[in-house]
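In: Below: sequence and its predicted model.
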Amino acid sequence: MNETEKIILETAKVEFLERGFNGTSMRRIASLAGVTTGALYGYFASKEEIFDALVKKAYDAVMDAYRNAHEEFAALPYDEQIAGMGSITAQCVEWCTGYIYDHIEEFRLILTCSEGTRYSNMIDEMMKIEEEATEVFLSLLRENGIDVPHVDPLLEHMITSGYFMSYFEIVRHSVPRDEAFRYIHDLQAFYKAGWERLFGMRL
């Protein structure tokens, strides 16, 4: 990456954070970066491509970590899944929180400035992973003779939505890193107790 490209990306980041994706134009980025519009298009074909260059690596890291944690858990033998209920996801969330704070501007872009891009669906995508993994795990419990109460799918969706919306408030409200971990630990404890109440079992 040459110096001009670095200037373009830094300029675009500031603009996206201030105006959001939809409120930012290629012409304004070019002007503020001190390049012609034609030169800008020589580096990036669209503002979508610029946004992608700013956030894709960070987005993929968290999404892949979350998806892989659930896939690795599902691949464990039944006894190990029972022994590790809750802890594997908690470890993943701990890692994700640290990673997010190591790349906080990227996640501010994703969570507060990405309307109009595919990244605006991040929370929905994480919810889908969580809901599908929960259903697979509950089916496994029932197959092994554990009488797990039925939870209405809409209620499950509401609970999952509440968790992820709450989790990412640490970014939206610029919570300091140390405090963020405390909030997340308390949030996990709160939702863990709620799920245990619904399922009638310790997780």
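Out: Looks like it arrived, so ask away. Numbers count the residues shown, from 1 in each chain.
In: Quick check: phi and psi at Asp186.
Out: Backbone torsions for Asp186, taken as degrees, to the nearest 10, come to phi -70, psi -40.
In: So what's the residue count around it?
Out: When neighbours are defined as other C-beta atoms under 10 Å, Asp186 has 10 of them. Every C-beta, even on glycine, is put in place using the N, C-alpha and C of the backbone.
In: likewise the one 5 residues further on?
Out: A count of nearby residues for Tyr191, using other C-beta under 10 Å, gives 18.
In: Show me how the chain divides into domains.
Out: Per automatic domain parsing, the structural domains of the chain span 1-45, 55-199.
In: Reformat the ones you listed as CSV; add mean pLDDT.
Out: Output for the domains of the chain, formatted as CSV (pLDDT from 0 to 100):
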stretch, mean pLDDT
domain 1-45, 96
domain 55-199, 92
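In: Identify the residues contacting Ile8.
Out: Ile8 is in contact with Ile29, Ala33, Val35, Leu40, Tyr43, Phe44, Ile50, counting by C-beta atoms under 8 Å, 6 or more residues apart in numbering.
In: what's the distance between it and Tyr119?
Out: Relative to Tyr119, Ile8 is positioned 19 Å away (C-beta to C-beta, to the nearest Å).
In: hmm, back to that, which of the contacts of Ile8 are buried? Put it as a ChimeraX command.
Out: Only the buried members of these enter the following ChimeraX selection, criterion being 16 or more other C-beta atoms under 10 Å:
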select :29,33,35,40,43,44,50
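In: wait, which of the contacts of Ile8 is closest to Phe107?
Out: Nearest to Phe107, judged by C-beta to C-beta, of the contacts of Ile8 is Ile50 at 17.0 Å.
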